[in-house]
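**Student:** mind folding the following:
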Amino acid sequence: MTTALTPEQEALLEGVLASYRVYYDINRETPAAPFAAEAVFSHHREQYMFSRSIKLSEETSGEYAFFAVTGDLTEELFEELDRTAWETGLSRVVPGPSHKNTDVTLVILADHVSDALWPRVKKASHSKGYRLGLHGFSNYRVAVYDRTAGAAGANRLGQDLVNLFKKG
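**Tutor:** Below you'll find the model as predicted:
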């Protein structure tokens with residue numbers, strides 16, 4: 001992966017991040033290595049009866065999204081990014097009785113993607129339950145975009161991410 005982005009890579013990354021800016025906190029200055037950017041979403045909800053002294057329920061949800069930009073995406077590089085995003089995202093999860101879910105998302109923007117890699121992207125899957133699901137769970141979404149071919153692919157949970165790459 002390159003540290004300095006080309007103008008085309010920078011424009012593509014900014015276009016994708018623009019869709020995240022409304023609900024996510026974006027970090028371009030100090031993202032976890034080897035990512036070019038991160039986005040964090042968190043939501044906390046409480047329900048009360050009559051007054052705040054009678055709390056009916058409380059739940060917390062969140063997502064950690066990691067964005068990688070590279071020239072050629074090989075299977076080895078994909079495996080490294082896949083593992084790093086999942087492990088980094090899980091290290092930030094705070095499970096507890098009110099934790100519903102915290103998902104991890106990986107978006108890879110590549111100049112070229114190996115044809116043999118697309119089936120691996122579709123099969124990428126991670127999930128984790130905390131205390132048998134009583135303290136919530138984490139799922140994994142991944143999407144890959146081949147800038148040269150204009151092709152995009154994702155795993156089962158990340159299919160909605162493919163819309164990020166469609167020209168409006």
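**Student:** just want the most central residue of this protein.
**Tutor:** Residue closest to the average C-alpha location in the chain (CA atoms, centre = their mean): T105, at 1.7 Å.
**Student:** how close does that one sit to G158?
**Tutor:** 7 Å (CB to CB, to the nearest Å). All C-beta spots, glycine's among them, are computed from the backbone N, C-alpha and C.
**Student:** what do those two both touch?
**Tutor:** Residues within reach of T105 and of G158 at once, by CB atoms under 8 Å, 6 or more residues apart in numbering, are R141, V142, A143.
**Student:** parallel or antiparallel, list what pairs with the stretch of helix or strand K55 belongs to.
**Tutor:** K55 is part of strand 51-73, with elements assigned from DSSP states H and E. Sheet pairing of strand 51-73 (DSSP bridges) gives strand 37-49 (antiparallel), strand 99-113 (parallel).
**Student:** need the winner for burial among the ones you listed.
**Tutor:** Among the strands paired with strand 51-73, the stretch with the highest mean neighbour count (mean count of other CB atoms under 10 Å) is strand 99-113, at a mean of 22.
**Student:** could you find the closest non-adjacent residue to H43?
**Tutor:** The spatial neighbour of H43 that comes closest, neighbours along the chain excluded (CB to CB, 6 or more residues apart in numbering), is S61 at 4.7 Å.
**Student:** give me the pLDDT for the one you found.
**Tutor:** pLDDT for S61: 92.
**Student:** wait, what's in contact with it?
**Tutor:** S61 neighbours (CB under 8 Å, 6+ apart): S42, H43, K100, N101, T102.
**Student:** tell me the spacing between it and G15.
**Tutor:** When distance is defined by CB to CB, S61 is 26 Å away from G15.
**Student:** related to what we said a few turns ago, what's the closest of the strands paired with strand 51-73 to K123?
**Tutor:** Smallest distance to K123 across the strands paired with strand 51-73 (CB to CB): 14.0 Å, for strand 99-113.
**Student:** any idea of the mean pLDDT for the closest one?
**Tutor:** Average pLDDT, strand 99-113: 95.
**Student:** check which element follows that strand along the chain.
**Tutor:** Following strand 99-113 in sequence order, the next helix or strand is helix 118-123 (DSSP H and E).
**Student:** residues in contact with that following helix?
**Tutor:** With contacts defined as CB under 8 Å, 6+ apart, helix 118-123 is touched by E75, F78, V142, V144, G153, A154, N155, R156.
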